[in-house]
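Chemist: please work out how this folds:
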Amino acid sequence: MALLSLNHAGTVGVRAMDDQHGILMDTMNELRLAVVRGECREQISEVLDRLIEFTRMHFSSEEQLLERYIFPGLARHRTEHQRILAQILQSSHRVQHGEQMRMRPLLCMLRESYTEHIEGMDQEYGPWLNGRGVD
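Modeler: Just a heads-up that it's a prediction; the model follows:
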């Protein structure tokens, strides 16, 4: 599995969100490297915890921004955030409690969830916010 990077398709044109998306990608790359290196469950769990914490912060920040500018797709966006976070929390719980879990499918799921969300749904709010003076 290749390292993730934020490409043109993943930028939304809102600097704060693009910066946070970059940090999310970096954290997922850190998780991937921990798995590839064969690090212990505790180390992988620590990286997952950081990913969860930053994801929560990012989703909250994004939702507050969309709320402030009355983005019409906020409810759908919030629902998608909850779905992604629930997937990550479920996987993290399994890892932390020693359940047998294949890491490659977890990494693929995370990659797909984040990239599809950033390159799909998040693209909807960039022009909306830019049109209201947010860059």
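Chemist: which helix runs longest in the chain?
Modeler: helix 41-68 (DSSP state H).
Chemist: could you give the mean pLDDT of it?
Modeler: Taken as a whole, helix 41-68 carries a mean pLDDT of 94.
Chemist: tabulate the CA atom coordinates of stretch 79-86 in PDB.
Modeler: Listed next in PDB are the C-alpha coordinates belonging to stretch 79-86 (Å, rounded to 0.1, in the frame of the first residue of the first chain):
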ATOM      1  CA  THR A  79     -23.700  12.100   9.300                       C
ATOM      2  CA  GLU A  80     -20.800  11.000   7.100                       C
ATOM      3  CA  HIS A  81     -18.300  12.200   9.800                       C
ATOM      4  CA  GLN A  82     -20.200  10.100  12.400                       C
ATOM      5  CA  ARG A  83     -20.000   7.100  10.100                       C
ATOM      6  CA  ILE A  84     -16.300   7.400   9.500                       C
ATOM      7  CA  LEU A  85     -15.500   8.000  13.200                       C
ATOM      8  CA  ALA A  86     -17.600   4.900  14.200                       C
END
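Chemist: what residues sit buried inside it?
Modeler: Buried residues in stretch 79-86, counted by 16 or more other CB atoms under 10 Å: 80, 81, 84. Heads up, the C-betas are built off the backbone N, CA and C, glycines and all.
Chemist: now the helices for this structure?
Modeler: 15-36, 41-68, 74-96, 103-116, 122-130.
Chemist: elements contacting the first one?
Modeler: Spelled out, that is helix 15-36. Helix 15-36 sits against helix 41-68, helix 103-116, with contacts defined as 3 or more CB pairs under 8 Å, 6 or more residues apart in numbering; DSSP states H and E.
Chemist: contacts for it next, please.
Modeler: Identification of contacts with helix 15-36 by CB atoms under 8 Å, 6 or more residues apart in numbering yields 1, 3-6, 10-12, 43-44, 47-48, 50-51, 54-55, 57-58, 61-62, 65, 103-104, 107, 110-111, 114, 118, 122, 135.
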